[in-house]
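Asker: got a predicted structure plus its sequence, pasted below:
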Amino acid sequence: MHHSQKKEIRKTVAQLNKTTSDLVFHYGFNMNFDGGISIGLALIYDTLDFAKK
C-alpha cells in the first residue's frame with residue numbers, strides 16, 4: 001500500500017463525517033483491486049486530547 005492512498009482514505013472519511021483528517025485513525029484495511037472496494041475500520045475522535053488518551 002502506498003502512503004498516498006492512506007492519506008486519501010483519511011481525507012475521504014473525514015469529509016463524509018464533516019471533521020478534519022487529523023481526528024481520523026484507520027486500520028485493518030483490505031484493498032481489493034478487482035472491485036475497487038476497500039474494507040476496514042476507522043476511529044473518529046471529537047478532539048486530539050481524546051485521541052491521545
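Answerer: Perfect, thanks for sending it. Numbering: from 1, shown residues only.
Asker: ok, what's across the strand from residue 37?
Answerer: residue 32 (DSSP bridges).
Asker: could you count how many residues lie near it?
Answerer: Using other C-beta atoms under 10 Å, residue 37 has 9 neighbouring residues. The way it works is simple: take the backbone N, C-alpha and C, and place the C-beta from them, glycine included.
Asker: got it, and residue 24?
Answerer: Residue 24 has 21 neighbours, counted by other C-beta under 10 Å.
Asker: ok, which stretches of the protein are strands?
Answerer: 24-32, 37-44 (DSSP state E).
Asker: export those strands as a markdown table, with columns for distance to residue 10.
Answerer: Formatted as a markdown table, those follow (distance: least, C-beta to C-beta, whole Å):
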| stretch | distance to residue 10 |
| --- | --- |
| strand 24-32 | 5 |
| strand 37-44 | 8 |
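Asker: how about those in JSON lines, adding mean pLDDT and distance to residue 51?
Answerer: Output for these, formatted as JSON lines (pLDDT from 0 to 100; distance: least, C-beta to C-beta, whole Å):
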{"stretch": "strand 24-32", "mean pLDDT": "84", "distance to residue 51": "7"}
{"stretch": "strand 37-44", "mean pLDDT": "86", "distance to residue 51": "8"}
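Asker: among those strands, which comes closest to residue 52?
Answerer: strand 24-32 (11.1 Å; C-beta to C-beta).
Asker: which strands and helices lie in contact with that closest one?
Answerer: helix 3-16, strand 37-44 (3 or more C-beta pairs under 8 Å, 6 or more residues apart in numbering; DSSP states H and E).
Asker: gap between that strand and the chain center?
Answerer: Offset of strand 24-32 from its chain centre (C-alpha atoms, centre = their mean, to the nearest Å): 7 Å.
Asker: leaving out the residues flanking it, which one is nearest to residue 19?
Answerer: Once flanking residues are discounted, residue 19 sits nearest to residue 44: 6.1 Å by C-beta to C-beta, 6 or more residues apart in numbering.
Asker: does that neighbour have beta-bridge partners, and which?
Answerer: For residue 44, the beta-bridge partners are residue 24 (DSSP bridges).
Asker: where's it relative to residue 33, distance?
Answerer: Residue 44 sits 26 Å away from residue 33, going by C-beta to C-beta, to the nearest Å.
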